[in-house]
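*Asks:* Build the 3D model from these lines:
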Amino acid sequence: MRHRRSLNNEAIVCLDAGLEAEVPSVEEELAEIRALREHLGSHSFDLDEIDAAMREGRP
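*Replies:* This is a model prediction of the structure:
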């Protein structure tokens, strides 16, 4: 391991880092979602297209 920690200690450090991460506000989350939607553009799915994907095992 890079930091010479036991696996247990490494897991604790990772969990601590994740729990200390700043939580974005609802407004920030919505702005990010809107930007992603804008970037992706619009796409309408055909029901046959959805059925075919499901038959192929794609969720």
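*Asks:* And for Glu10, the neighbour number?
*Replies:* 14 (other C-beta atoms under 10 Å). C-beta coordinates here come from the backbone N, C-alpha and C atoms, glycine included.
*Asks:* Where do the helices of this structure begin and end?
*Replies:* 7-20, 26-40, 47-55 (DSSP state H).
*Asks:* Tell me the buried residues in the first one?
*Replies:* Spelled out, that is helix 7-20. Neighbour counts over helix 7-20 (16 or more other C-beta atoms under 10 Å) mark no residue as buried.
*Asks:* ok, back up a step: need the helices of the chain in a markdown table with mean pLDDT, can you?
*Replies:* Below are those laid out as a markdown table (pLDDT from 0 to 100):
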| stretch | mean pLDDT |
| --- | --- |
| helix 7-20 | 89 |
| helix 26-40 | 92 |
| helix 47-55 | 89 |
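*Asks:* Ile33 and Val26, how far apart?
*Replies:* 10 Å (C-beta to C-beta, to the nearest Å).
*Asks:* Those two: which has the busier surroundings?
*Replies:* Legend: neighbour count by other C-beta under 10 Å for Ile33 and Val26, higher for Ile33 (10 against 7).
*Asks:* Please tell me how far the more buried one sits from Ala53.
*Replies:* 23 Å.
*Asks:* repeat for Leu19
*Replies:* 37 Å.
*Asks:* State the number of residues packed around His43.
*Replies:* So His43, with other C-beta under 10 Å, has 5 neighbours.
*Asks:* pLDDT score for it?
*Replies:* Confidence at His43, expressed as pLDDT, is 75.
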